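[1] after the sequence you'll find the predicted model.
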Amino acid sequence: MVNANNAREWLIQLMQQAINAADPKRSLPHYLPPAPRGRTIVVGAGKAAASMVQAFEDHWPHPLTGLVVTRYGHKVPTRFVEVVEASHPVPDQSGLEAAERILQLVTGLTEEDLVVCLISGGGSALLTAPAPGLSLKDKQAINAALLKSGATIDEMNCVRKHLSAIKGGQLALACAPAKVWTLLISDVPGDDPSVIASGPTVADPTTFKDALAIIEKYRITEPLAVIEHLRAAKKETPKPGDTRLASNQYHLIATPQMSLEAAAKFALEQGITPLILGDSLEGEARDMALIHAGITKQVLRHAQPIARPCLLLSGGESTVTVRGSGRGGRNTEFLLALSVALGGMDNVFALACDTDGVDGTEDNAGALITPDTLTRAERLGLSAKAFLANNDGYSFFQQLNDLVITGPTLTNVNDFRAILIL
């Protein structure tokens with residue numbers, strides 16, 4: 001039975017249910033491709049790339065070779081496919097070299113060959129191959145600028161596609177005439193395969209004009225080489241309907257909605273009524289916190305839209321426009337703003353974590369709040385509003401011992417938010 005004494009531990013168990021639902025070992029075996037007459041080459045990128053390879057190797061009875069790139073610390077043992085680690089969210093030389101090797105691996109294949117592409121969130125930064133005329137330094141600078149700007153994941157990936165020699169369907173073109181079978185773990189709102197890791201094997205509906213508009217929207221003026229490249233618009237990415245991609249297939253093997261439903265099922269079994277608010281909520285983290293706080297107050301005051309005990313669940317990816325100098329990701333920012341908005345209301349416990357185990361660039365997946373979060377903070381001389389103004393959610397929850405640290409989960413279906421109202 002869930003109560004105030006075990007609510008924290010229960011929320012951790014709930015999050016684990018969501019993560020388990022996105023485990024490649026559970027989902028990937030259901031989406032194996034038919035065996036080809038020729039070779040099987042496995043390539044891919046993302047925070048779950050190594051665990052996806054491991055699951056694929058365990059269930060593929062035929063010869064295979066290949067290479068995937070994952071984030072530092074996310075490597076797992078594999079037998080036939082090489083795993084390279086690289087930097088995320090800002091690309092590095094290791095990611096560049098891995099992308100170049102992947103392009104070499106898929107060059108010169110035949111119609112009888114098969115390329116299995118394993119893609120998950122984080123792949124866009126990890127699979128970095130600058131377009132002609134651009135450097136790794138240019139890519140690093142634009143990534144850092146976009147991360148600070150508050151741009152959505154769709155916007156960032158639109159820009160990335162048009163600065164790349166491998167994203168936006170260009171990897172699929174390099175594989176031709178071999179068949180490409182892409183397995184995807186979605187970390188993006190709406191589960192659009194062309195957005196997940198910037199869609200290296202999927203036709204791209206966006207254009208250079210779209211990418212330039214995003215740069216102008218956020219008033220990004222450097223590096224100059226990037227701006228000039230977007231304005232020149234020399235080589236457009238392959239678009240929907242391109243016959244060169246006609247025989248390729250993609251399959252979503254895990255999504256945010258699947259994880260939310262697994263958490264809802266767990267809650268219902270524990271006598272807690274779940275309500276999924278959405279699997280693709282976007283916006284500034286502190287604005288989303290205000291909306292979630294408003295719904296929470298409606299439950300407490302009017303038993304609407306559901307009566308307690310209940311659980312509000314949501315997924316998607318919030319953004320943070322960085323104005324301060326603190327440490328923290330979007331989930332700690334969300335929770336810090338939520339605690340301020342709730343003002344210490346009784347019977348409300350909440351958790352917000354990134355399902356990959358890394359909130360932003362820190363060592364935590366996210367954090368927890370309880371009815372006494374603000375009271376405990378005041379005893380330590382901590383001002384929640386001051387920490388929020390400095391974008392310093394990590395330091396705030398670290399001093400309260402309320403960080404959630406899981407280590408790499410080896411999957412990634414974006415943010416998981418849960419508000420338990422007893």
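    Thanks, I have the structure now.

[2] just how off-centre is stretch 37-52 within its chain?
    In terms of Cα atoms, centre = their mean, to the nearest Å, the centre of stretch 37-52 is set 18 Å apart from its chain centre.

[3] can you give me the first-to-last residue distance of that stretch?
    Start and end residues of stretch 37-52 are separated by 23 Å (Cα to Cα, to the nearest Å).

[4] R160: what's it in contact with?
    S124, N143, K167, S198 (Cβ atoms under 8 Å, 6 or more residues apart in numbering). (Each C-beta comes from the backbone N, C-alpha and C, glycine too.)

[5] can you pull the contacts of the residue lying closest to the third one once chain neighbours are set aside?
    Which is K167. Closest residue to K167 apart from its sequence neighbours, by Cβ to Cβ, 6 or more residues apart in numbering: S198 at 3.8 Å. Contacts for S198 (Cβ under 8 Å, 6+ apart) come out as G123, S124, L127, N157, R160, K161, S164, K167, G168.

[6] what helix or strand does the fifth one sit in?
    It stands for R160. Under the criterion of DSSP states H and E, R160 resides in helix 153-161.

[7] got the CA coordinates for the helix or strand following that helix in PDB?
    Scanning forward in sequence from helix 153-161 by DSSP H and E, the next helix or strand is helix 170-175. C-alpha atoms of helix 170-175 as PDB (Å, rounded to 0.1, in the frame of the first residue of the first chain):
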ATOM      1  CA  GLN A 170      22.000  10.600 -46.100                       C
ATOM      2  CA  LEU A 171      23.200   7.400 -44.400                       C
ATOM      3  CA  ALA A 172      20.500   5.400 -46.300                       C
ATOM      4  CA  LEU A 173      21.700   6.900 -49.600                       C
ATOM      5  CA  ALA A 174      25.200   5.700 -48.800                       C
ATOM      6  CA  CYS A 175      23.900   2.100 -48.200                       C
END
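
[8] who are the packing partners of helix 170-175?
    helix 93-105 (3 or more Cβ pairs under 8 Å, 6 or more residues apart in numbering; DSSP states H and E).

[9] helix or strand right after the helix it packs on?
    On the C-terminal side of helix 93-105, the closest following helix or strand by DSSP H and E is strand 114-120.

[10] by contact count, what packs against that following strand?
    For strand 114-120, the elements it packs on are strand 40-45, helix 49-59, strand 179-185, judged by 3+ Cβ pairs under 8 Å, 6+ apart.

[11] gap between it and the chain center?
    Distance, centroid of strand 114-120 to centroid of chain: 17 Å (Cα atoms, centre = their mean).

[12] adjacent strands (with direction) for it?
    Strand 114-120 has its sheet partners listed here by DSSP bridges as strand 40-45 (parallel), strand 179-185 (parallel).

[13] among the contacts of R160, which ones are in helices?
    Using DSSP state H, the members of the contacts of R160 that fall within helices are S124, N143.

[14] same list, the contacts of R160, but as JSON lines with pLDDT please.
    JSON lines is the format used below for the contacts of R160 (pLDDT from 0 to 100):
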{"residue": "S124", "pLDDT": "89"}
{"residue": "N143", "pLDDT": "87"}
{"residue": "K167", "pLDDT": "95"}
{"residue": "S198", "pLDDT": "92"}
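
[15] between the contacts of R160, which has the most around it?
    Greatest neighbour count in the contacts of R160, by other Cβ atoms under 10 Å, goes to S198: 32 neighbours.

[16] distance of that one relative to D192?
    For S198, the distance to D192 (Cβ to Cβ, to the nearest Å) stands at 11 Å.

[17] count of neighbours near D113?
    Using other Cβ under 10 Å, the number of residues around D113 comes to 19.

[18] so who does it touch?
    D113 makes contacts with P36, G38, R39, T40, I41, A178, K179, as judged by Cβ under 8 Å, 6+ apart.

[19] in a markdown table: those residues, plus pLDDT and distance to T409.
    Shown next, in a markdown table, are those (pLDDT from 0 to 100; distance: Cβ to Cβ, whole Å):
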| residue | pLDDT | distance to T409 |
| --- | --- | --- |
| P36 | 97 | 32 |
| G38 | 97 | 35 |
| R39 | 97 | 32 |
| T40 | 98 | 27 |
| I41 | 98 | 27 |
| A178 | 96 | 32 |
| K179 | 96 | 31 |
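
[20] among those residues, name the buried ones.
    For the contacts of D113, a burial check counting by 16 or more other Cβ atoms under 10 Å picks out P36, R39, T40, I41, A178, K179.

[21] which non-adjacent residue is nearest the third one?
    Closest residue to T40 in three dimensions, ignoring its sequence neighbours and counting by Cβ to Cβ, 6+ apart: L64, at 4.3 Å.

[22] need the contact list for that neighbour.
    By Cβ under 8 Å, 6+ apart, L64 lies in contact with T40, I41, V42, E57, F80, V81, V116.

[23] fine by me, we can end here.
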